[in-house]
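**Student:** Let me see the structure of the following:
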Amino acid sequence: MKKRYSIPLIIIGLMVIVNVISRLSRGFSDFYVEKIFPYISSAVSFVTGVFPFSLGEMLTAAAVVLVIVGIPLFLILIIFGKGKRRKIAAFAGTLALWILCYITTTETMNCFIMYQCTPLAEKCFPDAREHTDEDLARLYSELIKECNALAKEVPRDENGCFMLTCDFKKEAKTAMKNAADKLSPQLKGYYPNPKPIQFSYFMSQSHLTGIYLPYTIEANYNDDMIRANLPSTVCHELAHLKGFIQEDEANFISFVAAAGSDNVEFRYSGYLDALEYVHNAVWENNVEEAFPMSDEISEEVLSDWFRFMPENYWEENAAKEVISTETVSEASTAAIDTNIKMNGRDDGIKAYGMVVDLLLDYYDTKQ
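**Tutor:** This next block holds a predicted model:
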C-alpha cells in the first residue's frame, strides 16, 4: 500500500488504540492530561493564538465549502475526466483520508482522553457528603444575596442593562491562573486570548455561548450574547484548554475563577451563572422550602439573569436565518448530547447542570 494511504491509516489505528487504553486505564488518562497535554495545549494554542480570528472556525467553514463544492466537482470530474479518473479518485481518497486522520488525532488527543480522567470532585472533595434539600436551599439563599449585592455595584447603561467595561480577555486569564491555587495546578501556565466567532448568529441559533475547538485548541465565544454572560463563558472555555473537558467541571472552574476575581463585573457574572443553575435545580427537585426565596431576587438581577441575547435580537437578525432556529437548536442539542454520552457520560447534555453538586461540595468546605 502506498505511503499516502498507509501513514494516515496507521495513525488512525493508533488513535483507536489510545482511545481504548484511555477507557480501560484512568491512570493513563490522568498522566496524559497532567503531564503531556499541557505542553501540547500551550504550543498549539500559542501558534493559533497568533491569528486574531478563530482558526478553527475558518477550518470548519472550509470543510463545509469542501463538502458543498468538492463532492459535485468530484462527480463531474469522474464522469467527464476520461483517462484521469484513477488519478482523480486517488487524490480525492487521499485528501479524505488525511482529513479523517487529522480529525481523529485532534479529537483523541485534545478531547476524548480527557473524558476518562479522574473526576474533579474526587480530587478536590474526596470527603464530600450526600447533600439534602436543606443544603440546596441554603446555597440558593447565599447566591441570591451575593447577586443582589453585586448587581448594585456593576456598571449599567441608561436602560439599566449590565455593561462590561473591563478588558475581559486579560482579566479572564488572570482569574484562571488565580483559580489554580484553589483547585488544581493544571490551571496554571499559558492562556491564549479567547476569540469571538464571526458566525455568531449560528451559535445563537444553537443556543451556545461558547465553544472549545479541539482541532486548533481555541476558546471561542458568541460575540452576540449579552455581556453579563461573557466573563463566565470565556473562563469556561479556557478551562477546556487545560484538560477539563467535562461541562460541569468547566462550569465549576468558571465560577471559582470569576467569583474569585478582583473585578466586580467578573464576580457578578460568575455568581449570576451559578444562581441560574441552582435556581433550576431547586425547581426541578421541587425544593418547596426554597420557593419563597425567589421573591428576594432584586430587580437588577431579574433584568440580567436567564437572558441570552439582547432585546429584539431575533427580529433584527431574521435575514440571517438560512435554516430555522428551531432546527439548528434541536440538531445542536442532539449533537452535544450524543457526544457527551459517547464519551462515557450517561447524563448527556444534563451534565452542564451537574455543576450544582460541585457548588454544594465547594460551599461545604467554606463553612
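**Student:** Whichever strand or helix holds residue 86 - what's its average pLDDT?
**Tutor:** Taking DSSP states H and E as the definition, residue 86 sits inside helix 85-110. In this model, helix 85-110 has a mean pLDDT of 93.
**Student:** Any idea how far it is from the middle of the chain?
**Tutor:** Here helix 85-110 is found 27 Å from its chain centre; the criterion is C-alpha atoms, centre = their mean, to the nearest Å.
**Student:** what's that helix packed up against?
**Tutor:** Here helix 85-110 touches helix 3-24, helix 37-48, helix 71-80, going by 3 or more C-beta pairs under 8 Å, 6 or more residues apart in numbering; DSSP states H and E. Where C-beta positions appear, they are placed from N, C-alpha and C, glycine not excepted.
**Student:** That one: which residues count as buried?
**Tutor:** Under the neighbour-count criterion of 16 or more other C-beta atoms under 10 Å, helix 85-110 has 92, 97, 101, 104-110 buried.
**Student:** tell me the angle that helix makes with helix 3-24.
**Tutor:** 30 degrees (axes from the mean of the first three to the mean of the last three C-alpha atoms, to 10 degrees).
**Student:** Off-centre distance for the helix or strand following helix 85-110?
**Tutor:** Counting by DSSP H and E, the next helix or strand C-terminal to helix 85-110 is helix 120-124. Put simply, helix 120-124 sits 20 Å off its chain's centre (C-alpha atoms, centre = their mean).
**Student:** Residue numbering should commence at 31 henceforth.
**Tutor:** Sure, I'll start counting at 31 from here, so that last one is helix 150-154.
**Student:** so how far is the very next helix or strand once past helix 150-154 from its chain's centroid?
**Tutor:** Sequence-wise, the next helix or strand downstream of helix 150-154 (DSSP H and E) is helix 163-181. On the basis of C-alpha atoms, centre = their mean, helix 163-181 sits 25 Å off its chain's mean C-alpha point.
**Student:** Tell me which residues are up against helix 163-181.
**Tutor:** Helix 163-181 is contacted from outside by 294, 297-298, 301-302, 304-305, 308-309, 311-312, 315, 317, 319-320, 323, 326-328, 330-331, 334-335, 386, 389-390, 393-394, using C-beta atoms under 8 Å, 6 or more residues apart in numbering.
**Student:** pull the CA atoms of that helix into PDB?
**Tutor:** The C-alpha trace of helix 163-181 is given here as PDB (Å, rounded to 0.1, in the frame of the first residue of the first chain):
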ATOM      1  CA  ASP A 163     -32.800  19.800  50.100                       C
ATOM      2  CA  GLU A 164     -31.900  22.000  53.000                       C
ATOM      3  CA  ASP A 165     -28.300  22.300  51.700                       C
ATOM      4  CA  LEU A 166     -29.600  23.300  48.200                       C
ATOM      5  CA  ALA A 167     -32.000  25.900  49.800                       C
ATOM      6  CA  ARG A 168     -29.100  27.300  51.800                       C
ATOM      7  CA  LEU A 169     -26.900  27.600  48.700                       C
ATOM      8  CA  TYR A 170     -29.800  29.200  46.800                       C
ATOM      9  CA  SER A 171     -30.100  31.800  49.500                       C
ATOM     10  CA  GLU A 172     -26.400  32.500  49.600                       C
ATOM     11  CA  LEU A 173     -26.200  33.000  45.800                       C
ATOM     12  CA  ILE A 174     -29.200  35.300  45.800                       C
ATOM     13  CA  LYS A 175     -27.600  37.500  48.500                       C
ATOM     14  CA  GLU A 176     -24.300  37.700  46.600                       C
ATOM     15  CA  CYS A 177     -26.000  38.500  43.300                       C
ATOM     16  CA  ASN A 178     -28.300  41.200  44.800                       C
ATOM     17  CA  ALA A 179     -25.200  42.900  46.300                       C
ATOM     18  CA  LEU A 180     -23.000  42.700  43.200                       C
ATOM     19  CA  ALA A 181     -25.900  43.800  40.900                       C
END
